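A.B. asks: give me a 3D structure for the following:
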Amino acid sequence: MQWLKLLSFGSSMNTRSFLQDLDPRSKLIFTATYLSLVTISNDLVSVVFYAIVGLSLILAARLPLAYLWNGLLGLIPLLLTLFCFHMLLGDLKNAILLPCKLIFIITTAIALSATTPPTKLADGLEAILRPLTLVRFPVQNFVCMISVAFRFIPLFIDETDAMMKSHKLKHARYKGEGLRTTTQSLLQLLVALFVAVLRRANQLALAMDARCYLPGNKIRARRLQYSWRDGITILLALALLLIHMLLKGEVFERWIP
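C.D. replies: Below is the predicted model:
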C-alpha cells in the first residue's frame with residue numbers, strides 16, 4: 001500500500017498560472033464538461049483529441065512534471081491490469097481506451113486540486129448547486145460533507161499505510177500459510193480501518209458541535225467574482241461540446257441524406 005502515498009490529491013500550490021486565477025465555478029464547469037465527454041467517448045480519434053486538451057490543461061496549470069508523475073505512478077498496476085485483461089479478451093480498442101480515460105481523469109483531478117484550495121472548491125460547488133435549494137435539497141450540508149471527505153483523503157491514506165505496515169509485522173509468522181489465513185488477516189485489517197474511520201468521524205462531529213458549527217452560518221472572506229478568464233474558460237467548455245458533436249457526426253447527419 002506504499003503506492004497510495006504517491007496520489008497527489010488534497011493539496012494545493014501556488015503555480016502562478018492561468019488556472020490559478022480562475023473562479024472555481026468556471027473551473028468546475030470546464031472540468032465537469034471535459035470529464036463527461038472523456039467518459040462517453042469510445043473512439044481513438046476522440047481519445048487523441050482529449051489527450052491534446054489534457055496536455056494543454058497541464059501546461060496551463062504549470063504543474064511540475066515530478067508532481068504529476070507521482071500522481072500517476074500509483075496507478076501503473078491498475079493500468080497494466082486493465083490493459084492485460086482486455087488484451088486477453090482480444091479487445092485491443094478497450095485495452096487502449098480505458099487506461100487512457102483513467103489517466104485523463106486523474107490528471108484533470110490533480111490539476112484542479114493543485115490550482116484550487118479546498119475552501120474555494122467548496123464555495124464554487126455550493127454556488128453551482130444553489131438552485132437546488134428551490135427543491136429543498138440541503139446544498140450546504142452536501143458541500144460541507146464533500147469538502148470534509150476531500151480534506152481527509154491524505155489522512156486516510158497515511159492511516160491505511162500505517163495499518164498495513166503494523167499488520168505485516170504482527171502476522172509475519174503466518175506468511176505463506178494458505179489462503180484462509182490471508183483472508184482472515186485482510187478481514188481484520190478492513191474491520192480495523194472501518195473502526196478508525198468511524199472514530200475519526202465521531203471526533204470531527206464532536207469538534208464541530210463544540211464550536212457550534214452550522215453550515216448556514218458560514219462567513220466568506222472573499223466573494224466569488226467572474227473575470228474575462230472565466231468567460232474564456234466557459235467558451236472553451238462550449239467549444240468542447242461542439243467539437244465532440246462534430247467528431248460524432250451528429251451535426252452532419254441532419255444535413256447529409
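
A.B. asks: quick check: next helix or strand after the longest helix seen in the chain?
C.D. replies: Using DSSP state H to define each element, the chain has its longest helix at helix 179-210. Where DSSP states H and E defines the elements, the next helix or strand beyond helix 179-210 is helix 228-248.

A.B. asks: what's next to that next one, contact-wise?
C.D. replies: 18, 21-23, 25-27, 29-30, 33-34, 37, 41, 43, 45-46, 49, 53, 251-252 (C-beta atoms under 8 Å, 6 or more residues apart in numbering). All C-beta atoms are positioned from the backbone trio N, CA, C, and that covers glycine.

A.B. asks: which of the residues you listed count as buried?
C.D. replies: Buried residues within these, counting neighbours by 16 or more other C-beta atoms under 10 Å: 18, 22-23, 25-27, 29-30, 33-34, 37, 41, 46, 49, 53.

A.B. asks: ok so, going back, just checking, what packs against the longest helix of the chain?
C.D. replies: helix 153-170 (3 or more C-beta pairs under 8 Å, 6 or more residues apart in numbering; DSSP states H and E).

A.B. asks: low-confidence regions, the chain specifically.
C.D. replies: 1-13, 15, 71, 167, 169-182, 215-222, 249-257 (pLDDT under 70).

A.B. asks: how is it partitioned into domains?
C.D. replies: Taking automatic domain parsing as the reference, the chain has its domains at 1-116+226-257, 152-223.

A.B. asks: sorry, back to before: so for the longest helix of the chain, what gets flagged as buried?
C.D. replies: Buried, per 16+ other C-beta under 10 Å, within helix 179-210: 185, 189.

A.B. asks: angle of it against helix 153-170?
C.D. replies: Between helix 179-210 and helix 153-170, the angle comes out at 140 degrees (axes from the mean of the first three to the mean of the last three C-alpha atoms, to 10 degrees).

A.B. asks: chain neighbours aside, what residue packs nearest to residue 16?
C.D. replies: Nearest non-adjacent residue to residue 16, counting by C-beta to C-beta, 6 or more residues apart in numbering: residue 62, 7.1 Å away.

A.B. asks: which of the contacts of helix 228-248 fall within strands?
C.D. replies: Judged by DSSP state E, the contacts of helix 228-248 include no members of strands.

A.B. asks: among these, which are in helices?
C.D. replies: 25-27, 29-30, 33-34, 37, 45-46, 49, 53.

A.B. asks: of those residues, closest to residue 89?
C.D. replies: Ranked by distance to residue 89 (C-beta to C-beta), these are led by residue 46 at 21.7 Å.

A.B. asks: distance of the closest one from residue 106?
C.D. replies: Residue 46 sits 18 Å away from residue 106, going by C-beta to C-beta, to the nearest Å.

A.B. asks: ok, residue 95 - how many residues close by?
C.D. replies: Counted with other C-beta atoms under 10 Å, residues neighbouring residue 95 total 18.

A.B. asks: alpha carbons of the host helix or strand of it, as CSV, please.
C.D. replies: Using DSSP H and E, residue 95 maps to helix 92-115. Extracted in CSV, the C-alpha atoms of helix 92-115 (Å, rounded to 0.1, in the frame of the first residue of the first chain):
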residue,chain,number,x,y,z
LEU,A,92,-7.5,-4.0,-28.4
LYS,A,93,-9.7,-0.9,-28.6
ASN,A,94,-10.8,-1.0,-24.9
ALA,A,95,-7.3,-2.0,-23.9
ILE,A,96,-6.2,1.4,-25.2
LEU,A,97,-9.3,3.5,-24.4
LEU,A,98,-9.9,2.6,-20.7
PRO,A,99,-6.3,3.2,-19.4
CYS,A,100,-6.2,6.5,-21.4
LYS,A,101,-9.6,7.6,-19.9
LEU,A,102,-8.3,6.8,-16.4
ILE,A,103,-5.2,8.8,-17.0
PHE,A,104,-7.2,11.8,-18.2
ILE,A,105,-9.5,11.7,-15.2
ILE,A,106,-6.6,11.5,-12.7
THR,A,107,-4.5,14.2,-14.3
THR,A,108,-7.5,16.5,-14.5
ALA,A,109,-8.3,15.9,-10.8
ILE,A,110,-4.7,16.6,-9.9
ALA,A,111,-4.6,19.9,-11.9
LEU,A,112,-7.9,21.0,-10.3
SER,A,113,-6.8,20.2,-6.8
ALA,A,114,-3.3,21.7,-7.2
THR,A,115,-4.5,25.0,-8.6
